[in-house]
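Participant: Here's my sequence, what's the structure:
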Amino acid sequence: MPKLFLKSLLASFAFLSCATASLAQTAAAATDEPTVIKTALEAKFPKAKIANIRKSMVAGMYEATIDTDVVFVDAAGKFVFVGALYDVATMTNQVESRQNELFGFKWDELPFDKAIKVVRGKGTRRVAVFTDADCPFCKRVEQTFSQMDDVTIFNFLMPIDSLHPDAGRKSKVIWCSKDRTKAWLDFMLNNKLVDGKGDCPNPVDELKALGASKRVNGTPALVFPDNRTIPGAIPKDQIEAALNKAEASVKAKKS
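Facilitator: Numbers count the residues shown, from 1 in each chain. Predicted coordinates for the structure are as follows:
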């Protein structure tokens with residue numbers, strides 16, 4: 001679905017009519033609300049994939065996906081809501097949670113053999129980071145990691161060429177070095193790039209494609225073992241909380 005669609009919805013307070021008179025007749029003829037919603041949205045957005053329609057946690061509203069965007073729809077398919085929806089009891093973003101559940105990374109499916117691994121302290125807590133060598137926010141989060149202990153960081157090199165044209169070359173040079181971890185930390189923490197041509201087999205293009213397939217449009221993107229993805233260079237206390245929550249969740253599932 002074109003991003004202009006989402007922007008236009010948000011610009012109009014996220015509420016837009018999604019039906020015409022003919023759609024109303026179609027809805028009236030339908031036998032159940034999910035069918036009404038699917039029919040209405042497909043007529044309005046014929047090139048988009050409409051799926052995952054179910055009752056939401058908000059009375060009178062349904063949840064649906066338009067391509068890979070989670071939206072909320074009224075029972076007649078006339079109105080669509082796009083944006084964050086928080087459960088005030090837990091202060092969790094239900095849209096983000098559902099987005100991750102349906103389309104996000106699955107920790108156990110990450111290609112860890114294609115990551116640059118950094119272990120700090122015991123390294124029992126874990127996080128994966130989709131990162132760009134020339135991204136200032138990625139360097140900021142790397143600085144934050146350097147102040148932490150008991151964490152293992154799996155760095156997946158995902159240069160964003162449109163923002164940092166030389167990041168791809170630097171990523172390959174780092175990957176092809178004799179000691180990838182040292183080369184990575186030297187560059188991210190001290191801006192010292194190891195010598196090399198970066199012409200060995202490397203996973204950079206594959207990781208760029210993986211990130212794009214999971215809607216990673218910016219770096220850093222932090223992925224935790226509970227399958228939660230958090231974008232941006234979040235502060236240390238938030239990383240600590242997410243690490244602890246993720247590991248507790250994993251332990252609870254095993255018990």
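Participant: In three-state terms, label Ile239 for me.
Facilitator: Three-state assignment for Ile239 (DSSP: H, G, I helix; E, B strand; the rest coil): helix.
Participant: isn't it right up against Gln147?
Facilitator: No - look at Ile239 against Gln147 with Cβ atoms under 8 Å: they stay out of range, at 10.0 Å. C-beta here means a position set from N, CA and C on the backbone, and glycine is covered the same way.
Participant: Between the two, which is the more surrounded one?
Facilitator: A direct count of neighbours by other Cβ atoms under 10 Å for Ile239 and Gln147 places Ile239 higher, at 21 against 8.
Participant: Which residue is the nearest non-sequential neighbour of that one?
Facilitator: In space, and not counting its chain neighbours, Ile239 is closest to Thr144: 6.5 Å by Cβ to Cβ, 6 or more residues apart in numbering.
Participant: For Cys138, see how far away that neighbour is.
Facilitator: Distance of Thr144 to Cys138, given as Cβ to Cβ, to the nearest Å: 11 Å.
Participant: Mutual contacts of the two, please.
Facilitator: Common neighbours of Thr144 and Cys138 (criterion: Cβ atoms under 8 Å, 6 or more residues apart in numbering): Ala233.
Participant: Pull the number of nearby residues for the closest residue to Glu33 other than its chain neighbours.
Facilitator: In space, and not counting its chain neighbours, Glu33 is closest to Ala75: 4.6 Å by Cβ to Cβ, 6+ apart. A count of neighbours around Ala75, defined by other Cβ under 10 Å, yields 16.
Participant: again, but for Gly83
Facilitator: Using other Cβ under 10 Å, Gly83 has 13 neighbouring residues.
Participant: how about low-confidence regions in the stretch 101-250 of the chain?
Facilitator: Regions of the stretch 101-250 of the chain meeting the criterion pLDDT under 70 are absent.
Participant: Now do the helix or strand harbouring Lys117: distance to the chain's middle.
Facilitator: Taking DSSP states H and E as the criterion, Lys117 maps to strand 116-120. From the chain centre to the centre of strand 116-120 is a distance of 22 Å (Cα atoms, centre = their mean, to the nearest Å).
Participant: Which is the succeeding secondary structure element to that strand?
Facilitator: Per DSSP H and E, the first helix or strand lying C-terminal to strand 116-120 is strand 125-131.
Participant: Between strand 116-120 and that following strand, find me the angle.
Facilitator: Going by axes from the mean of the first three to the mean of the last three Cα atoms, to 10 degrees, strand 125-131 is angled at 140 degrees with respect to strand 116-120.
Participant: For strand 125-131, buried residues please.
Facilitator: For strand 125-131, burial by neighbour count (16 or more other Cβ atoms under 10 Å) applies to 125-131.
Participant: Closest to Lys172 out of those residues?
Facilitator: Nearest to Lys172 among those: Thr131, at 14.2 Å, using Cβ to Cβ.
Participant: these two touch, right, that closest one and Phe154?
Facilitator: No - counting by Cβ under 8 Å, Thr131 stays clear of Phe154, with 10.0 Å between them.
Participant: Make a markdown table from the buried residues of strand 125-131 and add distance to Thr68 to it.
Facilitator: Putting the buried residues of strand 125-131 into a markdown table (distance: Cβ to Cβ, whole Å) gives the following:
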| residue | distance to Thr68 |
| --- | --- |
| Arg125 | 29 |
| Arg126 | 26 |
| Val127 | 23 |
| Ala128 | 20 |
| Val129 | 22 |
| Phe130 | 17 |
| Thr131 | 22 |
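Participant: Of those, which is the nearest to Thr35?
Facilitator: Using Cβ to Cβ, Phe130 comes nearest to Thr35 of the buried residues of strand 125-131, at 38.2 Å.
Participant: for Thr144, what are its contacts?
Facilitator: Applying Cβ under 8 Å, 6+ apart, we find Thr144 in contact with 233, 235-236, 239.
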